[in-house]
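Q: Kindly return the folded structure for what I paste below:
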Amino acid sequence: MSERLRKILELSTKLGFLKMVESNNVKTISFGPLAILLANNIHNEWFHSIVINSDLNTFLYESNPEHTWQEDSQPAYNQLLQANSEQLPFGLASAFKTCIPTKTSEDNDSQLQGMTNCQTKGYRHLVFISEKDCQKYFYRLQLKRRIWWRKFSTDPERFQISEYKTGGHGEHVQISAKFPFTTEIVETIHNHGSSVLNGYGSLFEAKMGRKKTMPHVIESVCLERPAVLTYLYDAFQSQPVRSVLRLHHSLAPYK
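A: As a prediction, this is how the structure comes out:
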């Protein structure tokens, strides 16, 4: 573990953001009371950006860990489709619980590997849009989300968008924050096309003019635990007298 990361963890623990939990001779890092408040503030800012201040009509839906997001979002999708005169585009958003691999960074040697709990909350944003407008909105969303992450940073340039990657369900990019000791992936944005709705028949059909067609889907996902750790890393400032954490006033647990 690098010296700088060790200092960040020590200060974050001292101030009540993190706590060390030992079980069966294994030490893990958990959220302390201030990190829980920080996580709540990150969620509130995400909610206002994605739902309240969105350029699209965007509503919430409830997630069930035993279902796919397609199954969870379909009832809300149909309600919003009717409210939107069966026209695209519009969005849906949800918080969910998940378990992610211990290694959450791009580095081959994650310095916190084995020390952080895999349980975390996630925030999912779905945009249902026409094929014609999909690619353009995919680009716009990347820039918008990078601006959002940079807004709360002491060093905005550390947040960058990765090169495009392709897979079985379209293409995706990642927004990451680079530090001397690690690179944290904070958000992944997928341009799925319509393939992720294959197998759902007419459940997701929408109107394009007089025709009915399957929408294309853009999905963005960010996870709470990497987001909290990223902003703690970002806030750390080493000074001659003492080191401090300078969080953005919108994220700080106490103003």
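Q: Please make it C-alpha for all contacts and neighbour counts, starting now.
A: Noted.
Q: Stretch 197-207: which residues count as buried?
A: 197, 204, 205, 206, 207 (16 or more other Cα atoms under 10 Å).
Q: In contact with residue 223, which residues?
A: By Cα atoms under 8 Å, 6 or more residues apart in numbering, the contact list for residue 223 reads 120, 121, 122, 123, 186, 187.
Q: who's in contact with stretch 198-208?
A: Against stretch 198-208 from outside (Cα under 8 Å, 6+ apart): 74, 77-78, 81, 86-88, 130, 197, 212-215.
Q: How confident is the prediction for residue 255, by pLDDT?
A: In this model, residue 255 is scored at 70, pLDDT.
Q: And residue 202, by the same measure?
A: 86.
Q: any idea how far it is from residue 179?
A: Separation of residue 202 from residue 179 (Cα to Cα, to the nearest Å): 46 Å.
Q: And for residue 245?
A: 15 Å.
Q: between those two, which one's more packed in?
A: residue 245 (18 against 14; other Cα atoms under 10 Å).
Q: wait, that one sits on residue 236?
A: Yes. Counting by Cα atoms under 8 Å, residue 245 touches residue 236, with 4.5 Å between them.
Q: between the buried residues of stretch 197-207, which is closest to residue 25?
A: Of all these, residue 197 has the smallest distance to residue 25: 45.8 Å, by Cα to Cα.
Q: List the contacts of residue 244.
A: By Cα under 8 Å, 6+ apart, the neighbours of residue 244 are 11, 235, 236, 237, 238.
Q: Tabulate the residues you listed (TSV), appending secondary structure.
A: Below are the contacts of residue 244 laid out as TSV (DSSP: H, G, I helix; E, B strand; the rest coil):
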residue	secondary structure
11	helix
235	helix
236	strand
237	strand
238	coil
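Q: Which one (most neighbours) among those residues?
A: residue 236 (21 neighbours).
Q: For that one, give me its contacts.
A: Here residue 236 is in contact with 8, 243, 244, 245, 246 (Cα under 8 Å, 6+ apart).
Q: pLDDT check: weakest of the contacts of residue 223?
A: residue 120 (89).
Q: Hmm, that one is touching residue 97, no?
A: Yes. The pair residue 120 / residue 97 is scored as a contact, 5.9 Å apart, by Cα under 8 Å.
Q: before we move on, back to that, turn the contacts of stretch 198-208 into a markdown table, including secondary structure, pLDDT and distance to residue 231.
A: Output for those, formatted as a markdown table (DSSP: H, G, I helix; E, B strand; the rest coil; pLDDT from 0 to 100; distance: Cα to Cα, whole Å):
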| residue | secondary structure | pLDDT | distance to residue 231 |
| --- | --- | --- | --- |
| 74 | helix | 95 | 34 |
| 77 | helix | 95 | 33 |
| 78 | helix | 94 | 37 |
| 81 | helix | 91 | 37 |
| 86 | coil | 85 | 40 |
| 87 | strand | 87 | 38 |
| 88 | coil | 92 | 35 |
| 130 | coil | 94 | 35 |
| 197 | helix | 93 | 35 |
| 212 | strand | 86 | 44 |
| 213 | strand | 89 | 42 |
| 214 | coil | 92 | 38 |
| 215 | coil | 95 | 35 |
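Q: Report the buried members of the residues you listed.
A: For these, buried by 16+ other Cα under 10 Å: 77, 78, 81, 86, 87, 88, 130, 197, 213, 214, 215.
Q: State the distance from the fourth one to residue 127.
A: Using Cα to Cα, one gets 14 Å for the distance from residue 86 to residue 127.
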